[in-house]
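1. 3D, please:
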Amino acid sequence: MAAGSEKKPVLGMVQANGTDESCVTFVLHEEDHTLGNALRYMVMKNPEVDFCGYCITHPSESKINFRIQTRNGLPAVEPFRKGLTDLLDVCQHVLNTFETTMKKYNDQKQTPME
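-> Numbering: from 1, shown residues only. The predicted model follows:
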């Protein structure tokens, strides 16, 4: 890292004046549609979420604005955190399945044919 340069934040929150915690826009830096679409899907599975969407601010910027609106006074940060955790669990399952399958394939390939 160059001298004098600051580390940019990875996550920020934007909340309009006069709104409560149930309506928040999260700003994710250095992210794109790969995370945005998958995370939106996971968050929308929560029945307490009224709206969840994201947009890429500009093609030359690598950040997304990720908006969540919830009902019944649920803070938007809760389904956001749960969506990230659930997505991480799904990714770990896919990785484990891939590695297990590759190990079986390689073991089978090394076994001599009779």
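2. Where does the residue nearest to residue 36 when sequence neighbours are not counted fall, secondary structure wise?
-> Using C-beta to C-beta, 6 or more residues apart in numbering and skipping the chain neighbours, the partner closest in space to residue 36 is residue 54 (4.2 Å). Bear in mind the C-beta positions are built from the backbone N, C-alpha and C, glycine included. Per DSSP states H and E, residue 54 falls inside strand 49-56.
3. Give me the helices and strands touching the helix or strand just after that strand, please.
-> With elements assigned by DSSP H and E, the helix or strand that comes after strand 49-56 is strand 63-70. Here strand 63-70 touches strand 23-29, helix 33-44, strand 49-56, helix 77-110, going by 3 or more C-beta pairs under 8 Å, 6 or more residues apart in numbering; DSSP states H and E.
4. Mind listing the strands strand 63-70 pairs with, and their directions?
-> Partners of strand 63-70 in the sheet, by DSSP bridges, are strand 23-29 (antiparallel), strand 49-56 (antiparallel).
5. just to revisit the earlier point, CA atoms only: put the strand holding residue 54 into CSV for me.
-> C-alpha atoms of strand 49-56 as CSV (Å, rounded to 0.1, in the frame of the first residue of the first chain):
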residue,chain,number,x,y,z
VAL,A,49,-38.7,-8.1,4.2
ASP,A,50,-41.0,-5.9,2.2
PHE,A,51,-38.4,-4.8,-0.4
CYS,A,52,-34.9,-5.7,-1.2
GLY,A,53,-33.0,-4.5,-4.3
TYR,A,54,-29.6,-3.3,-5.4
CYS,A,55,-28.0,-1.2,-8.1
ILE,A,56,-24.6,-0.6,-9.4
